[in-house]
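Novice: fold the stuff below for me.
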Amino acid sequence: MTRKLEGKVALITGSGRGIGRAIAMKLASEGARIVVNDLDTEPAQETVQAIVAAGGQAVACVGSVTAPDFAERFIGTAVSEFKGLDIIINNAGYTWDNVIQKMTDEQWYAMLDCHLTAPFRILRAAQPVIRALSKAETEAGQRVVRKVVNISSVAGVFGNAGQANYSAAKAGIVGMTQTLAKEWGRMNVAVNCVAFGLIKTRLTVTADGAASAHIDGRDIKVGVNPDLMATMERSIPLGRGGTPEEAAGAVYLLCTPESDYISGQTLMCTGGLTGI
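Specialist: Numbering: from 1, shown residues only. I've put the predicted structure just below:
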């Protein structure tokens, strides 16, 4: 049986760990060739090795998505290594919370830079490549549908106390998704968004809810207090937070041929949660 993404070239930011890694493994298992990205070399290479060990193809493009030269390097890696570009997943991200009266400009711009400006730059860099490929395919009488899946959050749809920066950025990515769906439809690109609810990763689940991660030169507190986590899970109709693999499944749905006529949409992956 032919795998659904056989031969496709998929670029996934933040795919060394967590949800991004699960997305990379899922798409690779369906035949996609993967450009893996992470802030750090070790997790990026671990994901590449796991894909290769399972019989797939992958290369790493290490670095922060917020770096001025990252978008061109990322797109360039796909073109130079795999001679194509079919799927872009803008997944990389983290949170840096505070109530608005205590939130600094640095916190505000850090979230916009990571969750909104970085995807904008990546898609801007991809456009000339996609346009050229689409034109050549049209002239050859071929129709190839490409996919963009941006990652939003329930915070971007409903807002969330303490996350004015993150919520604004995640709401922005929904607007950009809808705009690109209109701009890129003529190139046979379906542009969609997945808004995650509570997904259990290293950034949400820790033993004491007080761990930190080193991101872009900053030590950012991550994790959710276990008591708060339990309260949050009780508010989810399915009664639990999701796994990275379940989150990856939602993204995968929008990468398959069955979703070729779906564009400009935001898919909620929340376990049934419809507000926060």
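Novice: tell me the contacts of the most centrally placed residue in the chain?
Specialist: Nearest to the geometric centre of the chain sits residue 91, at 1.6 Å (CA atoms, centre = their mean). Shown in contact with residue 91 (CB atoms under 8 Å, 6 or more residues apart in numbering): 12, 13, 14, 15, 19, 20, 23, 151, 251. For glycine as for every other residue, the C-beta is placed from the backbone atoms N, C-alpha and C.
Novice: list the contacts of the last one.
Specialist: Right, the one you point to is residue 251. 23, 26, 89, 91, 149, 151, 194.
Novice: so which of these are in helices?
Specialist: 23, 26 (DSSP state H).
Novice: can you pick out the most distant pair from the contacts of residue 251?
Specialist: 26 and 151 (14.4 Å; CB to CB).
Novice: which of these two has more residues huddled nearby?
Specialist: Each of residue 26 and residue 151 has its neighbours counted (other CB atoms under 10 Å); residue 151 has more, 28 against 20.
Novice: you'd agree that one is up against residue 199?
Specialist: No: assessed by CB atoms under 8 Å, residue 151 is found out of contact with residue 199, at 10.3 Å.
Novice: common neighbours of those two, please.
Specialist: Shared contacts of residue 151 and residue 199 (CB under 8 Å, 6+ apart): residue 19.
Novice: export the contacts of residue 251 to a markdown table and tack on distance to residue 76 and pLDDT?
Specialist: Shown next, in a markdown table, are the contacts of residue 251 (distance: CB to CB, whole Å; pLDDT from 0 to 100):
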| residue | distance to residue 76 | pLDDT |
| --- | --- | --- |
| 23 | 21 | 98 |
| 26 | 25 | 98 |
| 89 | 17 | 99 |
| 91 | 19 | 98 |
| 149 | 21 | 98 |
| 151 | 22 | 98 |
| 194 | 26 | 98 |
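Novice: and which of the contacts of residue 251 is nearest to residue 227?
Specialist: residue 151 (27.4 Å).
Novice: distance of the closest one from residue 14?
Specialist: Per CB to CB, to the nearest Å, residue 151 is found 9 Å from residue 14.
Novice: identify the contacts common to these two.
Specialist: Common neighbours of residue 151 and residue 14 (CB under 8 Å, 6+ apart) are 91, 93.
Novice: which residues of the stretch 1-150 of the chain score low on pLDDT?
Specialist: 1 (pLDDT under 70).
Novice: how deep is residue 127 tucked in, by neighbour count?
Specialist: When counting by other CB under 10 Å, one arrives at 15 neighbours for residue 127.
Novice: what residues are up against it?
Specialist: Contacts of residue 127 (CB under 8 Å, 6+ apart): residue 184.
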